[in-house]
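# Sequence below, structure please.
(2 chains)
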Amino acid sequence: MTGEREGPAARPRLAVLYNPKLRGIFYQLVLLAIMVWLGIEFALNAKTNLQAQKIATGFGFLDNTAGFGVNQSLIAYQESDTYGRVFFVGLLNTLVVSAFGIALATAIGFLVGVARLSNNWLIARLAGVYVEVIRNLPLLFQILFWYLAVLGALPAPRNAISVLDGVFLSNRGIAVPRPLFGEGSGLVLAAFAAGIVVTLMLRFWAQARQEKTGQQFPLGCAAAGLILGLPLLVMIAAGFPIGFELPQLRGFNFVGGVTMIPEFTALLIALSTYTAAFIAEIVRSGIQAVSRGQTEAAYSLGLKPGRTMSMVVIPQAMRVIIPPLTSQYLNLTKNSSLAVGIGYPDLFAVFAGTTLNQTGQAIEILAVTMAVYLVISLITSALMNWYNSRLQLVER
Amino acid sequence: MTGTTQTAYVAPAITAPLPPPIAVGGPVGWVRGNLLNSWSNAIVTIVSLYLIWAVAVPLINFLIIDAVWDGAGRADCLPEKVGHSVGACWPFIGAKFSQLVYGFYPWNLHWRVDLTFALGAVLLVPLMIPRAPLKMLNSILFFGVFPIVAFFLLVGGSFGLEHVETRSWGGLLVTLVVAVTGIVVSLPLGILLALGRRSHMPAVQGMCVIFIEFWRGVPLITVLFFATYMLPLFLPNTWTIDALLRVLVGVALFSAAYMAEVVRGGLQAIPRGQFEAASALGLGYWKTMGLIVLPQALRLVIPGIVNNFIGLFKDTTLVLIVSIFDFLGQMRAAFADPNWSTPVTLYTGFAFCGIVYFVFCFSMSRYSLFVERRLNTSHR
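Numbers count the residues shown, from 1 in each chain, chains lettered A, B, ... in the order given. Okay, here's the model as predicted:
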């Protein structure tokens, strides 16, 4: 509703001053003029300020040598590499921690959300306490807590806590075995892939048969046999080509295996538990939004509680859950930038942090950083919107 | 129905009473029904009890039983002196308390901060009680007059008050200043943006959508960096902007975008008839909005505004990344004090910090729930 609607439509002519259309155009022109003036003013100020402070402009700095080390990198990186490469190192680190965080947060969130509705009074209360405590503490506080108070309190590598003889917890990180792919391991992987493909085909066939004849097929056992059993058989036949390299203590740190740095672990735990508390509330409200009659109808058809949940309630609840879940995923990705508080080398820390400090090119660097987060947001919400539209009720 | 003459069965004697059903009432029945109604539930109950025991016992030990309650330095919190394993070292908090609340605000001027806090509380409490009268005057005082008074009280430099650099502010003071400024500035800005987003003028609508979606799409920390490093470049170099003020600008813009979405939700909930009735009465745009729509819409979104405020309150911790020492930042700085370096200092600090943040946020979220429930009943 805007002002230009006022006045009866039948009146033939209005004075120019009171013509709602002209007024609207006038207001918009004024607004645009102000915006353009502000933009020019900012640009001119920026130009003089940058010249006065002798800061370079443009994206030439991306080819300069960065000269600083990064403590976690998925692609080969050394100090003599360029700022451009630093950008990709940071971006990959952000994506990795977000992806793991989203997966973990979803799992914990669904578990806690369902637990909150359990008919076991105690577990429902416990889940409620978890949600309330986690939601009401700042995320940065939680990240610092995990980093300084929990992971920082682990013993030095020399006295590392060993789990199952292959995983070592120490204040230098968590060392886990690294898989080694020997000769013939290609066959095992091929068997694994074949298992998945055959399972998918089997599922398709079983569904068609069930719709036609009503006969069920033990898909779970067949899938386990195909996906796990088949590669295992091939592995035995090929003489165990896949081995593990165990981390070993040498000097002051572990050598071999894969080490998850404590910054990554702390950030991952804090991000996923924090977001899980919000997801739990979303799941709870989603399940509560499905009317009780649906559950009762399912029971009267003879479905057991587990199947009622998975085949009747959850699919309907998903329609309510998906949109807010999307924004939680986006929040998690954006919150991963708090890594800078503990020194995990994510996009923000290495690019908007260290690179900005070294080059001083605030405008370019912050614009790129913000653009990256915006693009991630847009892609995630586009994907989730697509998924959401598939789930929506198709009405006549 | 035709009567039958043949009697099928006659009970020769009164049947014995059945045994009473398994207790369903009372504490025993409750435990049976809610905790032990199946094997799997019983296992879950036992695991939960173990979890509670495993978390609560060490926590109570740490916070109360093993805690050291008075002392003058690190020596008092060492196990050698105490004689048993040490829990929280509360004298550490006592020694750092002024730093945690006021930062490095001059010692003799603490009364100004106290007065501001008191003034805020006196104005806020009646605003939050639905029954208290004079809501309009109260909100004008809180949202309009209080920030100005607080500004002159805290910054000083006029009315014979000594000037205090914002660099020496810190602790809870900064946390509250950032959060309250954020909410007070973002509310009018958010309302304007929400109105703009629902406007029929394409240029206005487009600009508002871009503004809102941009700020909502980037993390707060990039906004703080934008305000700290980029904003000064865009302004004439004769202006020198205070570091805290830059952060406040960033926080206000950021939370205005979120506030706009909350207000938009309220605007969309107002039925069309209200707009049409206002038009029929001959009210113009601003009168329709100011007198008819916004009073109803804003009342609907009070829980959303409070939730936004909780989020903002938690997000204020991020200012420590741009070297402004809020409550958490001061706590982190306090950890480095060698006079108090004991094995438990870190845990004591985190425990105290956590309790303070929890008390603030939890009470606000309870309040928002209370308002929500109140609104629901009046509409059903």
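# what are the ranges of the strands in the stretch 101-250 of chain A?
All strands of the stretch 101-250 of chain A, identified by DSSP state E, counting those that start in this stretch, fall at A:161-163, A:167-170, A:173-176, A:178-181, A:242-245, A:248-250.
# what are the ranges of the helices in chain A?
Taking DSSP state H as the test, the helices found in chain A are A:20-52, A:83-116, A:121-135, A:139-144, A:185-213, A:219-224, A:230-238, A:262-289, A:292-300, A:305-307, A:314-335, A:347, A:356-359, A:362-391.
# Please apply the same query to the stretch 101-250 of chain B.
Chain-ordered helices for the stretch 101-250 of chain B, with DSSP state H, counting those that start in this stretch as the definition, fall at B:110-128, B:135-140, B:146-155, B:171-197, B:202-217, B:220-225, B:231-234, B:243-268.
# Tabulate these (JSON lines), appending mean neighbour count and mean pLDDT.
No exception for glycine: its C-beta is placed from N, CA and C like everyone else's. Converted to JSON lines, the helices of the stretch 101-250 of chain B look like this (neighbours: other CB atoms under 10 Å in any protein chain shown; pLDDT from 0 to 100):
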{"stretch": "helix B:110-128", "mean neighbour count": "15", "mean pLDDT": "85"}
{"stretch": "helix B:135-140", "mean neighbour count": "12", "mean pLDDT": "82"}
{"stretch": "helix B:146-155", "mean neighbour count": "16", "mean pLDDT": "83"}
{"stretch": "helix B:171-197", "mean neighbour count": "22", "mean pLDDT": "89"}
{"stretch": "helix B:202-217", "mean neighbour count": "17", "mean pLDDT": "88"}
{"stretch": "helix B:220-225", "mean neighbour count": "24", "mean pLDDT": "90"}
{"stretch": "helix B:231-234", "mean neighbour count": "18", "mean pLDDT": "83"}
{"stretch": "helix B:243-268", "mean neighbour count": "21", "mean pLDDT": "89"}
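# Please render those as JSON lines that adds distance to residue B:87 to the earlier fields.
Putting the helices of the stretch 101-250 of chain B into JSON lines (distance: least, CB to CB, whole Å) gives the following:
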{"stretch": "helix B:110-128", "distance to residue B:87": "30"}
{"stretch": "helix B:135-140", "distance to residue B:87": "44"}
{"stretch": "helix B:146-155", "distance to residue B:87": "37"}
{"stretch": "helix B:171-197", "distance to residue B:87": "24"}
{"stretch": "helix B:202-217", "distance to residue B:87": "43"}
{"stretch": "helix B:220-225", "distance to residue B:87": "34"}
{"stretch": "helix B:231-234", "distance to residue B:87": "46"}
{"stretch": "helix B:243-268", "distance to residue B:87": "36"}
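# Grab the most central residue of chain B for me.
Nearest to the mean C-alpha position of chain B, counting by CA atoms, centre = their mean, stands residue B:310 at 2.4 Å.
# Can you tell me the SS state at that one?
Three-state assignment for residue B:310 (DSSP: H, G, I helix; E, B strand; the rest coil): helix.
# returning to that earlier point: how about CSV for the helices of the stretch 101-250 of chain B, with distance to chain A added?
Converted to CSV, these look like this (distance: least, CB to the nearest CB, whole Å):
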stretch, distance to chain A
helix B:110-128, 18
helix B:135-140, 24
helix B:146-155, 23
helix B:171-197, 9
helix B:202-217, 4
helix B:220-225, 5
helix B:231-234, 4
helix B:243-268, 10
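# And the strands of the stretch 101-250 of chain A: which comes nearest residue B:68?
strand A:161-163 (28.3 Å; CB to CB).
# For residue 45, list the residues it contacts.
Answering for chain A, as no chain was given. Contacts were defined as CB atoms under 8 Å, 6 or more residues apart in numbering or on different chains; by that measure residue A:45 touches B:233, B:234, B:235, B:236, B:237.
# wrong chain, I was asking about chain B
Neighbour list for residue B:45: A:120, A:122, A:123, B:35, B:36 [criterion: CB under 8 Å, 6+ apart].
# tell me which of those residues is nearest to residue A:101?
Proximity of those to residue A:101 (CB to CB) peaks at residue A:123, which lies at 24.7 Å.
# circling back to that earlier point, turn the buried ones among the contacts of residue B:45 into a named ChimeraX selection, would you?
Selection of the buried residues among the contacts of residue B:45 in ChimeraX, burial being defined by 16 or more other CB atoms under 10 Å in any protein chain shown:
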select /A:120,122,123 /B:35
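# Out of the contacts of residue B:45, which comes closest to residue A:68?
The nearest member of these to residue A:68, counting by CB to CB, is residue A:123 at 48.2 Å.
# Residue B:49 is in contact with the closest one, correct?
No: counting by CB atoms under 8 Å, residue A:123 stays clear of residue B:49, with 10.2 Å between them.
# okay, now the closest residue to residue A:247 other than its chain neighbours: neighbour count?
Nearest in space to residue A:247, with sequence neighbours left out and distances taken as CB to CB, 6 or more residues apart in numbering or on different chains, is residue A:257 at 3.1 Å. Residues contacting residue A:257 under the criterion other CB atoms under 10 Å in any protein chain shown number 18.
# next one: residue A:198
By other CB under 10 Å, the residues close to residue A:198 number 15.
# if I look at the nearest residue to it once chain neighbours are set aside, how far off is residue B:199?
In space, and not counting its chain neighbours, residue A:198 is closest to residue A:226: 5.4 Å by CB to CB, 6+ apart. Shown here: residue A:226 relative to residue B:199, a distance of 59 Å by CB to CB, to the nearest Å.
# Could you do residue A:167 as well?
59 Å.
# Between these two, point out the one with more neighbours.
Neighbour count, other CB under 10 Å: between residue A:167 and residue B:199, residue B:199 has more, with 21 against 16.
# Confirm for me that that one is in contact with residue B:205.
Yes: under the criterion of CB under 8 Å, residue B:199 makes contact with residue B:205 at 5.1 Å.
# what's next to stretch B:59-75, contact-wise?
With contacts defined as CB under 8 Å, 6+ apart, stretch B:59-75 is touched by B:76-77, B:81-82, B:84-91, B:94, B:339-342, B:345, B:347, B:351.
# got it, and stretch A:370-390?
Counting by CB under 8 Å, 6+ apart, residues outside stretch A:370-390 touching it are A:91, A:98, A:319, A:322-323, A:325-326, A:329-330, A:333-334, A:337, A:347, B:214, B:217-219, B:222, B:226.
# how far out from the middle of the chain is that stretch?
The chain centre lies 12 Å from the centre of stretch A:370-390; the measure is CA atoms, centre = their mean, to the nearest Å.
# Also stretch B:287-294?
Average the C-alpha atoms of stretch B:287-294, do the same for its chain, and the two points are 29 Å apart (CA atoms, centre = their mean).
# got it, and stretch A:250-270?
If you compare the mean C-alpha spot of stretch A:250-270 with that of the full chain, they lie 21 Å apart, counting by CA atoms, centre = their mean.
# quick check: mean pLDDT across it?
Throughout stretch A:250-270, pLDDT has a mean value of 82.
# Would you mind listing the buried residues in that stretch?
Under the neighbour-count criterion of 16+ other CB under 10 Å, stretch A:250-270 has A:253-254, A:256-257, A:259, A:261-270 buried.
# Distance check, the closest residue to residue B:126 other than its chain neighbours against chain A.
The shortest distance from residue B:126 to any residue other than its chain neighbours is 4.0 Å, reached at residue B:132 (CB to CB, 6+ apart). Taking CB to the nearest CB, to the nearest Å as the criterion, residue B:132 is separated from chain A by 26 Å.
# so residue B:132 touches residue B:138, yeah?
Yes: in this structure, residue B:132 is within contact of residue B:138 by CB under 8 Å, at 7.3 Å.
# Thanks a lot, catch you later.
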